[in-house]
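Visitor: Provide a 3D model corresponding to the input given below.
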Amino acid sequence: MAIVTGGARGIGLAIARGLKEFGAEVVVTDVVNHGIKETEGFTFIRCDNRREEDILQTVKLVVEKFKRIDILVNNAGSC
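Guide: Numbers count the residues shown, from 1 in each chain. Sure, this is the predicted structure:
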């Protein structure tokens, strides 16, 4: 189970697709869903990594659904 922050486009989306190609369950987080669809095999969670409460909520949701986190890709950039 992998989480890719900032994964809704660009390098993050490419990483998410690569992980999926190798068989990982992938959760993509970003502040905006730039077109990620469940049909692509990703779970999208809106998360602003500048907000601690968003991060905690994301981890809670992921652990509830997948029971664990094996890979964390910290791709998101913040101002």
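Visitor: can you tell me the SS state at the spatially most central residue of the chain?
Guide: Geometric centre of the chain, nearest residue: residue 28, 2.2 Å, by Cα atoms, centre = their mean. Look at residue 28: counting by DSSP: H, G, I helix; E, B strand; the rest coil, its state is strand.
Visitor: could you do residue 49 as well?
Guide: coil.
Visitor: pretty sure the residue nearest to the centre of the chain contacts residue 7?
Guide: Yes: look at residue 28 against residue 7 with Cβ atoms under 8 Å: they come within range, at 3.7 Å. The way it works is simple: take the backbone N, C-alpha and C, and place the C-beta from them, glycine included.
Visitor: now residue 13. Its backbone dihedrals?
Guide: phi -70, psi -40 (degrees, to the nearest 10).
Visitor: surely it and residue 7 touch.
Guide: Yes: counting by Cβ under 8 Å, residue 13 does reach residue 7; the two are 5.7 Å apart.
Visitor: in terms of neighbours, single out the busier of the two.
Guide: Between residue 13 and residue 7, counted using other Cβ atoms under 10 Å, residue 7 has the larger neighbour count: 29 against 21.
Visitor: and the helix ranked longest in the chain with strand 26-30, angle?
Guide: In the chain, taking DSSP state H as the definition, the longest helix is helix 52-66. Put simply, helix 52-66 runs at 160 degrees to strand 26-30, going by axes from the mean of the first three to the mean of the last three Cα atoms, to 10 degrees.
Visitor: can I get the host helix or strand of residue 17 in PDB? Just the C-alpha atoms.
Guide: If you go by DSSP states H and E, residue 17 is part of helix 10-21. Listed next in PDB are the C-alpha coordinates belonging to helix 10-21 (Å, rounded to 0.1, in the frame of the first residue of the first chain):
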ATOM      1  CA  GLY A  10       3.200  15.700 -13.000                       C
ATOM      2  CA  ILE A  11       6.000  13.700 -11.300                       C
ATOM      3  CA  GLY A  12       3.700  12.500  -8.500                       C
ATOM      4  CA  LEU A  13       1.100  11.100 -11.000                       C
ATOM      5  CA  ALA A  14       4.000   9.300 -12.900                       C
ATOM      6  CA  ILE A  15       5.200   7.800  -9.600                       C
ATOM      7  CA  ALA A  16       1.700   6.700  -8.700                       C
ATOM      8  CA  ARG A  17       1.200   5.100 -12.100                       C
ATOM      9  CA  GLY A  18       4.600   3.300 -11.800                       C
ATOM     10  CA  LEU A  19       3.700   2.000  -8.400                       C
ATOM     11  CA  LYS A  20       0.300   0.800  -9.700                       C
ATOM     12  CA  GLU A  21       2.000  -0.900 -12.600                       C
END
